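A.B. asks: with the input below, show me the fold.
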Amino acid sequence: MKEKEKRYIAVYARKSRFTHSGESITIQIEKCKNYARSLPEYDDATEIREYIDEGYSGGNTNRPDFQRLLDDCMKNRISIIICYRIDRISRNLSDFSQLYEKLKNHNTSFISVNEQFDTTTPIGEAMVKICMIFAELERKTIAERIRDNMLGLAKTGRWLGGTTPLGYRSEKLKQQVAVDNKVRYLYKLEPVPAEQEIYLTLVKQYYKTGSLQGVETYSHQTGLKTRKGKYFSTSAVSAILRNPVYAAADQDTYQYFLVRNAKIGMEKYKFDGKHGLMVYNKTKQVDGKANEDKPVEEWIIAVGKHKPFISGKEWIALQEKVEKGQIRAYRRPRNNTALLSGLLRCANCHSYMRPKNYNRVDANGNKVYAYLCEEKEKSKGYNCDMKNPRGMELDQLVCDEIKKLAEDGTAFQSQLNKVEQLILKESNQTDSEISLLNMSLKEKENRIGNLLKNLSETDEIVTRQYINDEIKNIHYQKQDIEQKIHELKLAEQDKLKVLGSLSILQERLADFPKVFDMMSFDEKKAVLRSLIKTIFWDGNTVHIYLVGCSDDMIMNIDAEDFIEPIEGGSK
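C.D. replies: Down below sits the predicted model:
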């Protein structure tokens, strides 16, 4: 029987690279290790592992080593987690209380050296529970304050700012208020006739085609585009059709949201159908993810100051049709065997060509798939009629050509060096961008601090409301910056992996074809992306553009003779 893996002690340290105060990573680690060695359960066989996040804020938990720490904890590998101070884990007491619940479920103790939180002892565990009680009180207090603020906003029916919905623009009202010694104006939504017509066209086409895909196809075939000049995707159409802002605030919509337990922020008689609906507290911001709609019960419904596009009865009928359509909607399976996905483009319209499965397998039991131009599919062949090449054959053809690069060792070594230099150059640019973003983040934090100070010094209700609005807006900006920093750091980690792969290839240059064939699907995909900038298919020839090479330095492969085009879509 396999011996059960012994659990170890984890030491976690975090410090912002751009903060000069506080203990260094080295000091944090050393103090935590000294504490670990003083524990009764420690002996010479006890293993201590380090988890370090340098240059990451404690404002959110999207930190590489912290996530690795949690993953190891969930796999029951860790007996105790030790950090120097509790804010190294999180500045948010609520986040820490959630973490503590996870640790308890996996029999992992937690120790904060500075605060003397030691859940291996009864007193330490009691201290943590007291903190959790205060964290719960904090959550409820904040939630209540937000709800009260939202209900106050609902009575104004005003537009709070941000990207206006299709069909409307933001218009400044004469009414204004002083906030933080500056004049702040109120805003409402004003219809844009040309965009209003687009909205009504989308609704008409949805009823005509009976599906979101049908509206997307109509957009491609007729050239109907968004403000940013893009075709309407199914997700964009769905969001527009489901947005209550276009509906009249009448007795029908009042009853619709009342039976769904939404909070109604105005008296019933004000829902007279003359103005459109305004919904507050509709979405939630999740770090690292797209905004999501909250449950309808948490929405606050009010009468706006704008004109609606359709009646409440029409909007409700539209919602019922969209909901039924989503139940019937086909979910396309993912293709995890196409190596060129994300690299291959149509030479005709420059759209990406994505893999599409056929409901059959070849003689070796492999799934048969082809690459299909996205524009061809979405426009049903109206804007593009590019031939669909067989997927497996095209993948193998490109891989064979890449392996041939190694036949000329000097040229291939030169290509690897170019890729390496390009990645290092991009990394330097990323470091500069992260530095600027951190400076902007610091400025936002200072701004919030000043506004909180002003908030504490005023008792005027309207002023406090608008200060809260300003804090919320800056907070969202701050979240966007943190997300951007997080994405840049993840991209840097990917670049480091690619550099590691390139190093291996350089060491085993002579064996490259053999090494490449032995790689896993994901490893092959990573190597192809490190060497190839893009690939174009023109129906007869494959054009491969290598990373770091000028446009005239490409590999052209005639594929007409041995890649039979497959016409049509999957069945």
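
A.B. asks: okay, helices next: where are they in the stretch 451-571 of the chain?
C.D. replies: Counting by DSSP state H, counting those that start in this stretch, the stretch 451-571 of the chain has these helices, from start to end: 461-507, 512-518, 521-531.

A.B. asks: confidence-wise, which of those helices is weakest overall?
C.D. replies: Set side by side, those give their lowest mean pLDDT on helix 461-507, at a mean of 72.

A.B. asks: pLDDT weak spots in the stretch 1-150 of the chain?
C.D. replies: Scanning the stretch 1-150 of the chain with the threshold set as pLDDT under 70 gives 1-5, 16-23, 58-60, 91-95, 128-129, 131-150.

A.B. asks: all strands of it, in order?
C.D. replies: Counting by DSSP state E, counting those that start in this stretch, the stretch 1-150 of the chain has these strands, from start to end: 8-15, 48-54, 78-83, 109-112, 117-118.

A.B. asks: can you put the ones you listed in a markdown table and add distance to Ala317?
C.D. replies: Placement of C-beta: from N, CA and C, glycine included. What follows is the strands of the stretch 1-150 of the chain, written out as a markdown table (distance: least, Cβ to Cβ, whole Å):
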| stretch | distance to Ala317 |
| --- | --- |
| strand 8-15 | 53 |
| strand 48-54 | 52 |
| strand 78-83 | 55 |
| strand 109-112 | 54 |
| strand 117-118 | 57 |
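
A.B. asks: out of those strands, flag the one nearest Met353.
C.D. replies: Between Met353 and the strands of the stretch 1-150 of the chain, the shortest gap by Cβ to Cβ is with strand 48-54, which sits at 39.1 Å.

A.B. asks: so which residues make contact with that closest one?
C.D. replies: The list of residues contacting strand 48-54 from outside it, by Cβ atoms under 8 Å, 6 or more residues apart in numbering, reads 8-15, 17, 25, 29, 33, 36, 63-66, 68-69.

A.B. asks: list the contacts for Tyr168?
C.D. replies: Residues counted as contacts of Tyr168 (Cβ under 8 Å, 6+ apart) are Leu189, Glu190, Pro191, Val192, Glu195, Val245, His306.

A.B. asks: where does it land on pLDDT?
C.D. replies: 95.

A.B. asks: repeat that for the one 4 residues further on.
C.D. replies: In this prediction, Lys172 carries a pLDDT score of 84.

A.B. asks: what's the closest non-adjacent residue to it?
C.D. replies: Spatial nearest neighbour of Lys172, excluding adjacent residues (Cβ to Cβ, 6 or more residues apart in numbering): Tyr185 at 4.8 Å.

A.B. asks: and that neighbour, that's in a strand?
C.D. replies: Yes. Assessed by DSSP: H, G, I helix; E, B strand; the rest coil, Tyr185 belongs to a strand.

A.B. asks: isn't it right up against Leu173?
C.D. replies: Yes. With contacts counted by Cβ atoms under 8 Å, Tyr185 reaches Leu173, the gap being 6.4 Å.

A.B. asks: hang on, isn't Asp118 packed against Ile111?
C.D. replies: Yes. Using Cβ under 8 Å, Asp118 is in contact with Ile111, at 4.8 Å.

A.B. asks: my read: Phe536 touches Ala347, true?
C.D. replies: Yes. Checked against Cβ under 8 Å, the pair Phe536 and Ala347 is within contact range at 4.2 Å.

A.B. asks: identify the contacts common to those two.
C.D. replies: Looking at what touches both Phe536 and Ala347 (by Cβ under 8 Å, 6+ apart), the common residues are His543.

A.B. asks: returning to what we had before: what's the overlap in contacts for Asp118 and Ile111?
C.D. replies: Here Asp118 and Ile111 share the contacting residues Gly124, scored by Cβ under 8 Å, 6+ apart.

A.B. asks: okay, strands next: where are they in the stretch 251-400 of the chain?
C.D. replies: Using DSSP E, counting those that start in this stretch, the strands found in the stretch 251-400 of the chain span residues 263-264, 277-280, 283-284, 292-293, 300-303, 344-346, 353-361, 367-373.

A.B. asks: and Leu441, which of the ones you listed is closest to it?
C.D. replies: Closest to Leu441 of the strands of the stretch 251-400 of the chain, according to Cβ to Cβ: strand 283-284, at 21.5 Å.

A.B. asks: what mean pLDDT does the closest one have?
C.D. replies: Throughout strand 283-284, pLDDT has a mean value of 75.

A.B. asks: within its sheet, name the partner strands of it and how each one runs.
C.D. replies: Here strand 283-284 has these sheet partners by DSSP bridges: strand 292-293 (antiparallel).

A.B. asks: show the buried residues in the contacts of strand 48-54.
C.D. replies: Using 16 or more other Cβ atoms under 10 Å as the burial test, the contacts of strand 48-54 include 9-15, 25, 29, 36, 63, 65-66, 69 as buried.

A.B. asks: dump these to a markdown table, plus distance to Leu200.
C.D. replies: Listed next are the buried ones among the contacts of strand 48-54 as a markdown table, based on distance: Cβ to Cβ, whole Å:
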| residue | distance to Leu200 |
| --- | --- |
| Ile9 | 64 |
| Ala10 | 59 |
| Val11 | 62 |
| Tyr12 | 56 |
| Ala13 | 58 |
| Arg14 | 53 |
| Lys15 | 55 |
| Ile25 | 59 |
| Ile29 | 63 |
| Ala36 | 67 |
| Arg63 | 47 |
| Asp65 | 52 |
| Phe66 | 49 |
| Leu69 | 53 |
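
A.B. asks: which two of those have the greatest separation?
C.D. replies: In terms of Cβ to Cβ, the buried ones among the contacts of strand 48-54 reach their longest pairwise distance at Ala36 and Arg63, which sit 21.4 Å apart.

A.B. asks: what comes into contact with stretch 159-167?
C.D. replies: Defining contact as Cβ under 8 Å, 6+ apart, one finds that stretch 159-167 is touched by 153, 170, 187-189, 191-192, 195-196, 198-199, 226-227, 240, 243, 245-246, 278, 280, 304-306, 309, 469, 473.

A.B. asks: how far does that stretch sit from the chain's center?
C.D. replies: From the chain centre to the centre of stretch 159-167 is a distance of 21 Å (Cα atoms, centre = their mean, to the nearest Å).
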